[in-house]
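Colleague: Pasting the sequence and the predicted coordinates here, then a few questions.
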Amino acid sequence: MVDESLQLQLTTYWFPTRASGERLFSMQVEFSLNQRPKGNQPSVAEVVCSSGSIDQALSILPSIIPEKTRREMRRLLRPWPSGRYTDAYRRSGGILNLFTPPWDEQQDKMWAGMLANWEAATFADANARQEALRALERQWNTTPHPFFAGLTPAQVMVGGGPQETELSREFLEQLTHMYDGHPFESEGEALIKTLMVLREWQCQPKEGGRTVLDIIVAERSELLARRQRRGT
């Protein structure tokens, strides 16, 4: 019997740009890695964290999962670097970042500023200089970043969980209802209006008074804590 919690559901949504529609696949795969099967069994990501084996984690997947999806999962499940999480530039960043363009290190003014301060500082010796750089990389990993809609690079790396999965579906259905078939003068206009709707939506309070953004940040932080408890 196939466990439905490990399936990727394909639904037709409206997107302002082709690029954002293509990023949906990566986002859905990231979400799937943090879905726990029924009961208290670990997610695919948790299996990798505790066992160190990507093959063991992928072996729990239903056989119907396409090879393309398995390749993407394998890429996402690779060990995180000991230093700066530069792979965050190549993650989807979840629903909060689905419609923004991908960034790279050359555009990262925040990191460039941090690095410039390090280069200008005086250290007792080479070891102290390198330790300061490692600390700076850890700081970048855990600092909310404008590239990622205020998520930290670590929160981007860990991916979204079940709550963000449902919230994302809710938003994409809302967006499709609003704009499917709606004429726009340009792709740029469609993208700007989509981002305005998204930023308004993420500030909406849900049950319990927490906003969508609060829920997403808290869930990703819990996934990071869970990862640390199981071992990285």
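Modeller: Sure thing, it's come through. Residues are numbered from 1 along each chain as shown.
Colleague: low-scoring stretches of this protein, by residue?
Modeller: Applying pLDDT under 70 to the chain flags the ranges 1-10, 39, 231-232.
Colleague: how about a cut-off of 80?
Modeller: For the chain, the stretches flagged by pLDDT under 80 are 1-11, 37-40, 230-232.
Colleague: Is the spatially most distant residue from the centre of it part of a helix or strand, or is it coil?
Modeller: The centre of the chain is farthest from one residue, Ala124, which by C-alpha atoms, centre = their mean lies 38.3 Å away. Recorded secondary structure, Ala124: coil (DSSP: H, G, I helix; E, B strand; the rest coil).
Colleague: quick one: contacts for it?
Modeller: Going by C-beta atoms under 8 Å, 6 or more residues apart in numbering, Ala124 touches no other residue. Just so you know, the C-beta spots here come from the backbone N, C-alpha and C atoms, and that holds for glycine as well.
Colleague: Quick check: it vs Gln130, distance?
Modeller: Distance of Ala124 to Gln130, computed by C-beta to C-beta, to the nearest Å: 12 Å.
Colleague: Also Ser92?
Modeller: The gap separating Ser92 from Gln130 is 32 Å, by C-beta to C-beta.
Colleague: Compare the two (neighbour count), which wins?
Modeller: The residue with more neighbours, out of Ser92 and Gln130, is Ser92; 22 against 11, by other C-beta atoms under 10 Å.
Colleague: and the nearest residue to the more buried one once chain neighbours are set aside, what is it in contact with?
Modeller: The spatially closest residue to Ser92, leaving aside those adjacent along the chain, is Met27, at 4.0 Å (C-beta to C-beta, 6 or more residues apart in numbering). For Met27, the contact set (C-beta under 8 Å, 6+ apart) comprises 92, 94-95, 98, 160, 168.
Colleague: which secondary structure element contains Met27?
Modeller: For Met27, the element it lies in under DSSP states H and E is helix 18-33.
Colleague: before we move on, what about Glu131?
Modeller: helix 126-141.
Colleague: what does that helix contact?
Modeller: Outside helix 126-141, the residues within contact range by C-beta under 8 Å, 6+ apart are 83-85, 110-111, 114-115, 118, 121, 123, 152-154.
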